[in-house]
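Peer 1: build me a model from this:
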Amino acid sequence: MRDRSEVRASRVWKLACLIGYQEGAVVSRTIIDRRAGTVTLFAFDEGQGLSEHAAPFDALVHVIEGEAAVALSSKALRLRSGEMAILPANRPHALRASKRFKMILTMIRSRKGAG
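Peer 2: Here you go, the predicted model:
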């Protein structure tokens, strides 16, 4: 389930309250969607995840609640509330909820060395 409505500017928001869990699902909500990049909030029910894929741009995953297992190429990472990891462009990665978790995904749509 995806909510494409952006969060309004000039207000204070509590991230964890902007999205709820849905049993057996991954829920997402766009916070910012610009040509330069996106910021998306996700809520994963326990056991849910994103299958292995690669993206053409760097991404930053910041867990705001719960716990996730992240596979980055052949390396296994465990992210808990308050922790983050950078997923480099063109490297395969996958995420799975060890426990229910919420995260912010920041995708930067520019390549290194680009003006």
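Peer 1: for the protein, just list every one of the strands.
Peer 2: Secondary structure of the chain by DSSP state E: the strands cover 2-3, 26-34, 37-44, 49-53, 59-72, 75-80, 84-87, 93-108.
Peer 1: pick out the shakiest of those strands, pLDDT-wise.
Peer 2: Ranked by mean pLDDT, the strands of the chain end with strand 2-3 at the bottom, a mean of 54.
Peer 1: what sits against the closest residue to E23 other than its chain neighbours?
Peer 2: Residue nearest to E23 in three dimensions, not counting chain neighbours: D45, with 5.8 Å by C-beta to C-beta, 6 or more residues apart in numbering. (Each C-beta comes from the backbone N, C-alpha and C, glycine too.) Under the criterion of C-beta atoms under 8 Å, 6 or more residues apart in numbering, the neighbours of D45 are Y21, Q22, E23, G24, A25, V26, A97, R100.
Peer 1: relative to T38, which of these is nearest.
Peer 2: V26 (16.1 Å; C-beta to C-beta).
Peer 1: got a PyMOL select line for the buried ones in the contacts of D45?
Peer 2: Filtering the contacts of D45 down to the buried ones (16 or more other C-beta atoms under 10 Å) takes a single PyMOL command:
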select buried, resi 21+26+97+100
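Peer 1: turn the contacts of D45 into TSV, including distance to H53.
Peer 2: Formatted as TSV, the contacts of D45 follow (distance: C-beta to C-beta, whole Å):
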residue	distance to H53
Y21	23
Q22	21
E23	24
G24	21
A25	18
V26	13
A97	17
R100	22
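Peer 1: returning to what we had before: how close does the residue nearest to E23 sit to R78?
Peer 2: According to C-beta to C-beta, to the nearest Å, D45 and R78 sit 18 Å apart.
Peer 1: swap in A9?
Peer 2: In terms of C-beta to C-beta, A9 sits 34 Å off from R78.
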